[in-house]
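J.: Using only what follows, build the 3D model:
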Amino acid sequence: MNDDYLDSAKKQFQYYKQLGDKTFAQLNDDALFWQFNQDSNSIAIIVSHLSGNMLSRWTDFLSTDGEKQWRNRDEEFEQQITSKQELVAKWEKGWDCLFHAINPLTAADLNRIIYIRNQGHTVLEAINRQLAHYPYHVGQIVMLGKMLAKDGWQSLSIPKGKSQAYNQNKFAQPKQNKHFTDDYLDNSTTQQSS
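T.: Okay, the predicted model is just below:
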């Protein structure tokens, strides 16, 4: 069961990464840097924060505190990224760090204790903590993307008004013993986990 948990967690991370990837693909550079006001975050700022968090939490995941001394969290919330290319590179760097750390984990690692700001977490708890944190911010990215793409937005889930047709299609198929994210993950993302 613990191996199933790790497989499920990896697929969840891949799924939320893909939501961000598909949002960035629909936006021009200006949209990525738009802020409602000085107290709100642009997509670029959210990416900067997520990448900073991932690099801090997942670098030397099993052996050092997840809040690294070199991290400057406050700086993550300043507009530092200047291009879409830089944004995607920062996004990929954070996710690469996460997958590099989580892919070799085994069921035996899940009860090990690691620390975040000197507070003990089992590895399982630390993974769950990030599985709550990252989707929170990816949801913000998607919401901003929908607003900024306006009528050009292509739905990342079941489009409005299409639920009945989607459900009819799903229930017309035999029951499937696979993870729900398998329908959403493309081959390139799935290969990253192997």
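
J.: which residues make contact with stretch 48-63 from outside it?
T.: 41, 66-68, 71-73, 75-78, 80-81, 90-91, 93-95, 97-98, 100-102, 109, 112, 114, 116, 123, 126, 130, 133-134, 137-138 (C-beta atoms under 8 Å, 6 or more residues apart in numbering). For glycine as for every other residue, the C-beta is placed from the backbone atoms N, C-alpha and C.

J.: dump the residue contacts of L156.
T.: If you count contacts by C-beta under 8 Å, 6+ apart, then L156 has 19, 22-23, 142 around it.

J.: how about JSON lines for the residues you listed, with pLDDT added?
T.: As requested, the contacts of L156 are arranged in JSON lines below (pLDDT from 0 to 100):
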{"residue": "L19", "pLDDT": "97"}
{"residue": "K22", "pLDDT": "97"}
{"residue": "T23", "pLDDT": "98"}
{"residue": "V142", "pLDDT": "98"}
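
J.: Inside helices: which ones of those residues?
T.: 19, 22-23, 142 (DSSP state H).

J.: For these, work out which two are farthest apart.
T.: K22 and V142 (8.7 Å; C-beta to C-beta).

J.: most remote residue from this protein's center?
T.: The outermost residue of the chain relative to its centre, with distances by C-alpha atoms, centre = their mean, is A172 at 31.3 Å.

J.: And that residue, how close does it get to A165?
T.: 11 Å (C-beta to C-beta, to the nearest Å).

J.: about what we covered before: select from the contacts of stretch 48-63 every entry located in helices.
T.: Going by DSSP H, the helices hold 73, 75-76, 90-91, 93-95, 97-98, 100-102, 123, 126, 130, 133-134, 137-138 from those.

J.: Appreciated, that's everything.
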